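> Next input, structure requested:
(chains A and B, ligands or ions: 1)
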Amino acid sequence: MAEQPQPRQETMGPGERMGAILMRQRPDRVPFMPFIFGYCARNVGYPIAAVYNDPERSFWAQMWTAEMFGYDGGAMYGYASMGGWEFGGDIKMPVSEWEQAPVVTRFPAQTPEAVDALEIPDVATAGCYPIALEFAKIQQQFGMPIMVMGMSPFTSAGNISEVDILCRWMMKKPEVAHKLLKKVVIFGKKVIDHYMEAFPNYPMMAFTGEATSANQIISPKQFEEFVLPYMSELHDHILASGIRNIFCHICGEQNLNLKYWAQLEYGDPGILSFGHEVDMAKAVEVFGDKHAIAGNIEPQVIQNGTNQQVYELCKAAIDKAKMAPSGYLLMAGCEVPVQAPPYNIYVMKKAVMEHGFYD
Amino acid sequence: MATDARKKEILKGLYDAVVDFDEDKVVELSNAVLAEDVDAYEAIMDGLAAGMEHVGDLYANQEYFVPEVLMCSDALYAGLDILRPHLSGKEADVKGQVVIGTVEGDVHDIGKNLVKMMFDVAGFEVHDLGRDVKLEKFVEEQMKTDSEIVALSALMTTSMLAMPKVIEMIKARNPDAMIMVGGAPISQEVADNYGADGYAPNAANAVQEAIQMISRLREMGKA
Ligand code: B12
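Below you'll find the model as predicted:
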């Protein structure tokens, strides 16, 4: 490397740094929030499943890993295959060495009749929510803001019916797709209400995210009809309930959908995270005035790339997004792979220390 | 016997009906193929399959998305169901057999389903093991069916690490089985490193690659 940039002295702690972003102020440097779950369990010697089914161990695995690498995100609970278990299907926790996250093994509604019969679950007992609520209690106990795990309608619907079936309904029986999506939104709103009642007047953020609505799967037109109205209803409900910020993970190839994502409310400010498919400069251009941008280091490179490649990707993302009007957070494009070499995660922090300071 | 012009019209009609995912039209024209004595093999290859190939291009160009592709595939299968029983002799022979699945730990099966369909269209007998498939299952199914090809899909860097392991397990039991790998994090280089016999970046190219793999096998006198 030619000129070695010198790491600078941090003047804020992780909480202050995140606080600054939420107050629309410049932190000392770009916050680093890797987006990391199963890795943390493995890192501290727990089974990967612990991050999904054991609130206590999940919390500590995440906190200790944050301490070890010196990154800013604390701990949160959630995964992408939500919906199936909550609505009465089955889930399998990751057990083998090739697994990284939960998998739906039985889909609860694969026919129009089953969609009709689908009941809105009770949040207190539905699927992962008892675990998520326990996790929230631990966050509260340690005075950290609670991250409410929101149920994003479209991806969850795909996890309830199976994606191929949902796609066929969208084309041939749109009314069935809409009926399913409506039920998911009703439940999604109940989840928010449940958290509000369980933790009255406690600081909270909400997490939402979409993968199955990526343009690798659906068209922008389909996004407009089947994703936008339901996501919008959920986000509006979250914000009306008093939660001020939504952290929304916009996964996969979403470039054709950005104009619709821009129509949603995310709070003041929201944090919008993107996969490697969406360029950080583009994200800043479309959303940067109103919301903080996060992303978009490709997980595949974090696992299989050299540390130089990871560093270069981080530097490029920081250069593009650091000056975003509402702030930027360095983050992986999706969950950090559990097999990533530790040095590659360290290198992400190094890039932030060498290129992420303001002034 | 249909005139040349009529035959052309029917084949073009099948092609268009697949592209427009007009299942009723496909059924109507497939019945016309039989009634008017058009060659069923030609109707499949130059009508239905050619249409599906164009659908693959439309998907690649983001004019069609997975929901449309699935509709086209439904239309195509409606035609295959009618025409396949009328193939004769060599044409009725399957091109080969393929075991396909998304490897253990991985739910991402949308791409795998598209690959499976392309194999089906091309006249392969496909044994689909689904998603999150235990590694031993691939070995067992290959042995049970004596398939020439095993096609493995992975969308995550975690599950892709299972690929070299499955390849090793299959080759240990049956060195002649040909393994093909694919999915977003896979490249030709990764496939080579894993000891796979074939790789394709998308569903359309998967079949061509498989056919080449099988002819390599045949040249070696093993199939
Ligand atoms: C939709 C999606 C989901 C859906 C999947 C639904 C389903 N039933 O498939 C859901 C929401 C369930 C999901 C879950 C998760 N996901 Co996801 N998901 C995606 C997304 C956005 C699109 C994948 C897709 O369907 N593409 C469309 C199809 C048509 O394309 P394709 O699969 O690539 O297939 C084509 C080619 O690759 C090829 N091909 C595919 N297979 C084969 C096989 C052979 C033999 C051949 C020749 C060719 C071939 O042909 C196909 C057609 O042309 C990708 C983003 C991406 N960049 O891929 C992330 C992605 C795959 N997910 C990711 C992650 C991290 C997850 C989770 C771990 C998140 C979590 N913490 O819970 C979980 C994992 C669950 C599990 N245990 O598997 C990461 C993986 C990162 C990594 N490298 O490890 C990705 C890459 C997102 C990102 N931006 O980083 N996800």
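> How about residue 17, nearest residue that isn't a chain neighbour?
Since you didn't name a chain, this refers to chain A. Leaving out its chain neighbours, the residue that sits closest to residue A:17 by CB to CB, 6 or more residues apart in numbering or on different chains is residue A:27, at 4.2 Å. C-beta coordinates here come from the backbone N, C-alpha and C atoms, glycine included.
> try chain B instead
For residue B:17, ignoring the flanking residues on the chain, the nearest one in space by CB to CB, 6+ apart is residue B:25 at 3.9 Å.
> I'd like the distance between the one you found and residue A:350.
To residue A:350, residue B:25 is 61 Å away according to CB to CB, to the nearest Å.
> neighbouring contacts of the worst-scoring helix or strand of chain B on mean pLDDT?
Within chain B, no helix or strand scores below helix B:89-92, which has a mean of 75 by mean pLDDT, DSSP states H and E. By CB atoms under 8 Å, 6 or more residues apart in numbering or on different chains, the surrounding residues in contact with helix B:89-92 are B:40-41, B:84.
> Quick check: the residue nearest to residue A:17 is in a strand.
No: counting by DSSP: H, G, I helix; E, B strand; the rest coil, residue A:27 falls outside a strand, being coil.
> thought it was touching residue A:13?
No: checked against CB atoms under 8 Å, the pair residue A:27 and residue A:13 is beyond contact range at 10.3 Å.
> In chain B, which residue sits nearest chain A?
residue B:105 (3.5 Å; CB to the nearest CB).
> what kind of secondary structure is that residue in?
Applying three-state DSSP: residue B:105 is coil.
> check contacts around it.
Contacts of residue B:105 (CB under 8 Å, 6+ apart): A:94, A:96, A:98-100, A:103, B:132, B:156, B:158-159, B:162.
> ok, residue A:117 to residue A:179 distance?
Residue A:117 is 11 Å from residue A:179, by CB to CB.
> more crowded one of those two?
Remark: of residue A:117 and residue A:179, residue A:179 carries more neighbours, 18 against 11, as counted by other CB atoms under 10 Å in any protein chain shown.
> Quick check, pLDDT for the more buried one.
For residue A:179, the pLDDT comes out at 98.
> Skipping adjacent residues, who's closest to it in space?
Distance criterion CB to CB, 6+ apart; nearest residue to residue A:179, sequence neighbours excluded, is residue A:115 at 5.5 Å.
> To which secondary structure element is that neighbour assigned?
Assigned by DSSP states H and E, residue A:115 belongs to helix A:112-117.
> Determine the set of other helices and strands touching that helix.
Using 3 or more CB pairs under 8 Å, 6 or more residues apart in numbering or on different chains; DSSP states H and E, the elements in contact with helix A:112-117 are helix A:174-198.
> Next, work out how far apart residue A:115 and residue A:107 are.
11 Å.
> who touches both of these two?
residue A:161.
> Could you look up the SS state of residue A:246?
Assignment for residue A:246 (three-state DSSP): strand.
> and residue A:51, what does it touch?
Contact analysis of residue A:51 by CB under 8 Å, 6+ apart lists A:37-38, A:40-41, A:57-58, A:61-62.
> re the thing from before, return the set of buried residues in the helix holding residue A:115.
For helix A:112-117, the neighbour count (16 or more other CB atoms under 10 Å in any protein chain shown) marks A:112, A:114-115 as buried.
> now stretch B:176-195
Using 16+ other CB under 10 Å as the test for burial, stretch B:176-195 gives B:177-186, B:190-191, B:194.
> near chain A, which of those show up?
With the criterion set as CB under 8 Å from any CB of the partner chain, the members of the buried residues of stretch B:176-195 near chain A are B:184-185.
> Of the contacts of residue B:105, just say which sits nearest to the ligand.
Of all those, residue B:156 has the smallest distance to the ligand: 3.7 Å, by CB to the nearest ligand atom.
> Give me the nearest residue to that closest one, chain neighbours excluded.
That would be residue B:106: by CB to CB, 6+ apart, it lies 5.5 Å from residue B:156.
> That neighbour against residue B:163, yeah?
No: if you go by CB under 8 Å, residue B:106 and residue B:163 don't touch, sitting 10.5 Å apart.
> any common contacting residues for the two?
Joint contacts of residue B:106 and residue B:163 (CB under 8 Å, 6+ apart) are residue B:154.
> Work out which residue lies at the spatial centre of chain B.
residue B:119 (1.3 Å; CA atoms, centre = their mean).
> So that one belongs to a helix, correct?
Yes: checked against three-state DSSP, residue B:119 lies within a helix.
> I'd assumed residue B:94 was in contact with it.
No: Residue B:119 lies out of contact with residue B:94 (CB under 8 Å); the separation is 10.3 Å.
> got a list of what the residue nearest to residue A:17 touches?
A:12, A:16-17, A:20-21, A:327, A:358.
> In strands, which of the contacts of helix B:89-92 fall?
Taking DSSP state E, every one of the contacts of helix B:89-92 sits outside strands.
> Pull out the buried members of those residues.
B:40-41.
> Same list (the contacts of helix B:89-92) but as TSV, adding distance to chain A.
As requested, those are exported to TSV (distance: CB to the nearest CB, whole Å):
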residue	distance to chain A
B:40	27
B:41	29
B:84	22
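> Pick out whichever of the contacts of helix B:89-92 sits closest to residue A:137.
Of all the contacts of helix B:89-92, residue A:137 sits closest to residue B:84, with 59.4 Å by CB to CB.
> which ones are touching the closest one?
Counted by CB under 8 Å, 6+ apart, residue B:84 has contacts B:40, B:44, B:92.
> What is the nearest of the residues you listed to the ligand?
residue B:44 (21.7 Å).
> Confirm that that closest one sits in a helix.
Yes: counting by three-state DSSP, residue B:44 is part of a helix.
> who touches it in this structure?
B:79-80, B:83-84, B:87, B:123.
> And the pLDDT for it?
At residue B:44, the model reports a pLDDT of 93.
> likewise the one 5 residues further on?
Residue-level confidence at residue B:49 comes out at 91, pLDDT.
> what do you get for the one 5 residues further on?
Reading off the confidence values, residue B:54 has pLDDT 92.
> and if you look at the one 10 residues further on?
At residue B:64 the predicted local confidence, pLDDT, stands at 96.
> Within range of the ligand, give me the residues from chain B.
B:105-112, B:114-115, B:151-153, B:155-158, B:180-185, B:200, B:202-203, B:206 (CB under 6 Å from any ligand atom).
> still on that earlier bit, can I get the helix holding residue A:115 in PDB, CA atoms only?
Provided in PDB are the C-alpha atoms of helix A:112-117 (Å, rounded to 0.1, in the frame of the first residue of the first chain):
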ATOM      1  CA  PRO A 112     -56.300 -20.800  -1.200                       C
ATOM      2  CA  GLU A 113     -58.400 -22.700   1.400                       C
ATOM      3  CA  ALA A 114     -55.500 -22.700   3.800                       C
ATOM      4  CA  VAL A 115     -55.100 -19.000   3.400                       C
ATOM      5  CA  ASP A 116     -58.800 -18.500   4.200                       C
ATOM      6  CA  ALA A 117     -58.400 -20.700   7.300                       C
END
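> Output the contacts of residue B:84 in TSV; the columns should cover distance to residue A:158.
Below are the contacts of residue B:84 laid out as TSV (distance: CB to CB, whole Å):
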residue	distance to residue A:158
B:40	37
B:44	32
B:92	38
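> what's the closest of the residues you listed to residue A:270?
With CB to CB as the yardstick, the closest approach to residue A:270 among the contacts of residue B:84 comes from residue B:44, at 51.5 Å.
> Please report the distance of that closest one from residue B:92.
11 Å.
> Show me chain B divided up by domain.
Listed by automatic domain parsing, the domain ranges of chain B are B:4-89, B:94-219.
> Is it possible to get JSON lines of those that adds distance to residue A:68?
Output for the domains of chain B, formatted as JSON lines (distance: least, CB to CB, whole Å):
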{"stretch": "domain B:4-89", "distance to residue A:68": "40"}
{"stretch": "domain B:94-219", "distance to residue A:68": "21"}
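> what's the closest of these to residue A:273?
Among those, the nearest to residue A:273 by CB to CB is domain B:94-219 (18.1 Å).
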